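1. Pasting the sequence and the predicted model now:
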Amino acid sequence: MRIYYRGPDCLVTSKFFVWRTAPARFAIRDLRDVCIAHRELGRPVPIGTCLAGGACLATTAAAALWHSPALCAFAVLSGTVAVSLAAFSLRSRPTLLELRATWYGREVVLYTATDERVFNQVSRALRRAIEDESWDDVEAA
């Protein structure tokens, strides 16, 4: 039996795909329509971003009332910082990568990870195992 990938949470061989974390074991020959799916994990906006936005609004209102150029400059600067923090918090949401397949007529999740490098290694190993399984069928015929 050939091993395509061996890691702490997953094992891909020429015969089986084993996800140790979930515990799940699938025979390679029984998998159909294997695909990759991306799902963003929701994460609440950090409290610092909310506080910075509130401070920006309060400073802008105060600057408008007092007609102070220095306070207006501070309001613009604090607004820039608040918008930057909000944009960074939205862009830094982790993405959950999933390997899905059809197994005996039902859709199953074979493997999930947030680490793109490890996920790509596992998906590449599964692809090679499926390709080698199909070549074995051709040679047997």
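-> Nice, I can see it. Numbering: from 1, shown residues only.

2. I'd say Leu96 and Glu40 touch.
-> Yes - here Leu96 reaches Glu40: they are 7.4 Å apart, a contact under CB atoms under 8 Å. The C-beta positions use only the backbone N, C-alpha and C, and glycine is treated the same way.

3. And the two? Which one has more around it.
-> More crowded of Leu96 and Glu40, by other CB atoms under 10 Å: Leu96, with 13 against 9.

4. A strand includes that one, no?
-> Yes - applying DSSP: H, G, I helix; E, B strand; the rest coil, one finds Leu96 inside a strand.

5. residue contacts, the residue lying closest to Asp30 once chain neighbours are set aside?
-> In this structure, Asp30 finds its nearest non-sequential neighbour in Trp103, 5.8 Å apart by CB to CB, 6 or more residues apart in numbering. By CB atoms under 8 Å, 6 or more residues apart in numbering, Trp103 lies in contact with Phe26, Asp30, Leu31, Arg32.

6. separation between Trp103 and Val122?
-> When distance is defined by CB to CB, to the nearest Å, Trp103 is 17 Å away from Val122.

7. again, but for Glu107
-> Using CB to CB, Glu107 is found at 18 Å from Val122.

8. and these two? which has more neighbours close in?
-> Regarding Glu107 and Val122, a neighbour count based on other CB under 10 Å identifies Val122 as having more, with 24 against 10.

9. Contacts only, for the more buried one.
-> Tyr5, Gly7, Cys10, Val12, Leu99, Tyr111, Ala113.

10. and it, what element?
-> helix 116-140 (DSSP states H and E).

11. Tell me the buried residues in that helix?
-> Using 16 or more other CB atoms under 10 Å as the test for burial, helix 116-140 gives Val118, Phe119, Gln121, Val122, Ser123, Ala125, Leu126, Ala129, Ile130.
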